[in-house]
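Chemist: Whatever this is, show me its structure:
(chains A and B)
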Amino acid sequence: MTSRLMKSFTVAAFSIFSLFISSPSFAQEGHGENGAEKKKGFNAQEVIFGHILDGHDFHFLDIDHADGTKTVIGIPLPVILYSPQRGLDVFMSSKFEHGHKSYKGYRILEEHYLHELGQKGIDIKKESLSAGKIIPVDVNGNWDRSVKFYDISLTRNVVQMILALALLVWIMMTIAKRYQKGHGVKTAPTGMQNLLEPVVTFVRDEVAKPNLGDKWEKYLPYILTVFFFILINNLIGLVPGSANVTGNIAFTLILGLISFVVILVSSKKHYWGHIFNPPGMPMGVKLILVPVEFLSVFIKPMALIIRLFANMVAGHIIIICLISLIFIFAGLNTYAGWGTSLFSIPFTIFIYFIEILVAFIQAYVFAMLTAVFIGQAFEEVHHDDAHAAH
Amino acid sequence: MDFFLLETIGSVANAGGAIGAGLAAMGAGIGVGQIGKGAVEAIARQPEAINDIRSNMILTAALVEGVALFAVIVGFLAMVL
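Modeler: Now for the predicted structure:
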């Protein structure tokens, strides 16, 4: 019964998602008339940041035609903007036509328009404007600074997270149902159970039990959730054209914050006593050690956040840079481009394999370090000579 | 003279970021090399512990790479900010 519920939930999620996939969007861009000063080359920075950062559409391909126009193939996503002055606006991001038109008083920034704004005297860095951001415009098309709005759109990252969530919930619930019915408990496991059982057993026996002692059952659901959610988002992010979810500092920040809250909630007085009064240390050492120990309470989750973010974003940047090398050299000389691809493509495939390994390793390291910190937080008194005071 | 200095400040930030990332790569290379050295020597001493040693090596390498990547992120921030 619940597996039918799960199935209908997945069908509903996918159909709502596909409702928003109207058709591949085709935008004709012609910069011939006023593009005299604009470099019509391959802009590697634009490509890299377009892939790393969040966006209001899934962007797959740009096809440049001989007459200077460009066809963009992608999936537009809903833009949801709420402004106290203008109210709620919901529309598809295809209405922006990739930055060439303003719609309902809003406009999405792209390189050409940013250049125009820069020429009008607006300091792009100071106002933290970047490609892909939405700004409110007035009737003349100028940036209207008086309008405050909240961008709560369904961006790439959000859609991919929902997809990963639906996939994860569906896989886990079907397998749990089968175990509940008795398959794979007294008999050999079949099908997907074979895939998940070693992984879950590994997390339980190598990560949870050694670090969490006899309270492992309480924390295992959280550790498993963190592990599988990071893993599945890492793996989907490796597919070309997908969103970079785990390489987004906001995503890892929230994961780190949740882990931090779990660590704080499970901390005991013994833990804080050791931080503010480390046993067996002379007074001078204690003066230095106490601030360091207190800071490390915050630095450890920060390290978790930045480690995951940096590993994922570095991997994505390497892959995109290697492929961009081909196009950069092709801009100089077509044959140089072909020659570079001979070297670049095998190397990219090699880096892809490393990135798959890194996807697993980073999920494992995040889960394991969370378990270690939680275990440290509720560690009870151990009986050895250094703790004569207890 | 001042105008010339202003022009180069931007590129000094980029150069600083790139040099920082290069130093971090050096540190990562030395660190992970030492991990590999310790792991291979341990395997040579006791070949039957190879599975434990391999998993510990990969875990430690991931942690050391994390530190190197912090420095890369700082170098990147120096360029962007």
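Chemist: going forward, measure contacts and count neighbours with C-alpha atoms only.
Modeler: OK.
Chemist: Using PDB, write out every CA atom in the strand or helix carrying A:Leu117.
Modeler: Element membership of A:Leu117 [criterion: DSSP states H and E] is helix A:111-119. Taking C-alpha atoms only, helix A:111-119 is exported to PDB below (Å, rounded to 0.1, in the frame of the first residue of the first chain):
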ATOM      1  CA  GLU A 111      27.300  39.500 -20.200                       C
ATOM      2  CA  HIS A 112      26.100  41.900 -22.800                       C
ATOM      3  CA  TYR A 113      23.700  43.700 -20.500                       C
ATOM      4  CA  LEU A 114      26.300  43.800 -17.700                       C
ATOM      5  CA  HIS A 115      28.700  45.500 -20.200                       C
ATOM      6  CA  GLU A 116      26.000  48.100 -21.000                       C
ATOM      7  CA  LEU A 117      25.400  48.700 -17.300                       C
ATOM      8  CA  GLY A 118      29.100  49.100 -16.700                       C
ATOM      9  CA  GLN A 119      29.200  51.700 -19.400                       C
END
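Chemist: what's that helix in contact with?
Modeler: Helix A:111-119 is contacted by residues A:46, A:99, A:124, A:129-131 when judged by C-alpha atoms under 8 Å, 6 or more residues apart in numbering or on different chains.
Chemist: Could you list which of those belong to strands?
Modeler: Of the contacts of helix A:111-119, none are assigned to strands by DSSP state E.
Chemist: what's the most distant pair in these?
Modeler: With C-alpha to C-alpha as the measure, no two of the contacts of helix A:111-119 lie farther apart than A:Gly99 and A:Ile124, at 16.4 Å.
Chemist: quick one, which of these two is more surrounded?
Modeler: Using other C-alpha atoms under 10 Å in any protein chain shown as the criterion, A:Gly99 and A:Ile124 rank with A:Gly99 on top: 22 against 13.
Chemist: so after the longest helix seen in chain B, what's the next helix or strand?
Modeler: Longest helix in chain B, counting residues (DSSP state H): helix B:2-45. Next helix or strand after helix B:2-45 toward the C-terminus (DSSP H and E): helix B:50-80.
Chemist: average pLDDT across that next one?
Modeler: Averaging pLDDT along helix B:50-80 gives 86.
Chemist: what packs against it?
Modeler: In this structure, helix B:50-80 packs against helix A:283-332, helix A:334-377, helix B:2-45, with contacts taken as 3 or more C-alpha pairs under 8 Å, 6 or more residues apart in numbering or on different chains; DSSP states H and E.
Chemist: Is the first one in proximity to chain B?
Modeler: Yes: with C-alpha under 8 Å from any C-alpha of the partner chain as the threshold, helix A:283-332 lies in contact with chain B, specifically through A:306-308, A:310-311, A:314.
Chemist: State the pLDDT value of A:His390.
Modeler: pLDDT, A:His390: 48.
Chemist: what's the answer for A:Lys38, then?
Modeler: So A:Lys38 comes in at 47 (pLDDT).
Chemist: Remind me which helix or strand the nearest residue in space to A:Val372 that is not next to it in sequence belongs to.
Modeler: Leaving aside its chain neighbours, A:Val372 sits nearest to A:Asn211 (5.4 Å; criterion: C-alpha to C-alpha, 6 or more residues apart in numbering or on different chains). Here A:Asn211 sits within helix A:209-212, counting by DSSP H and E.
Chemist: do A:Pro136 as well
Modeler: Using DSSP H and E, A:Pro136 falls in strand A:134-136.
Chemist: Sheet partners, orientation included, of the next helix or strand after that strand?
Modeler: Where DSSP H and E defines the elements, the next helix or strand beyond strand A:134-136 is strand A:150-151. Sheet pairing of strand A:150-151 (DSSP bridges) gives strand A:78-83 (antiparallel).
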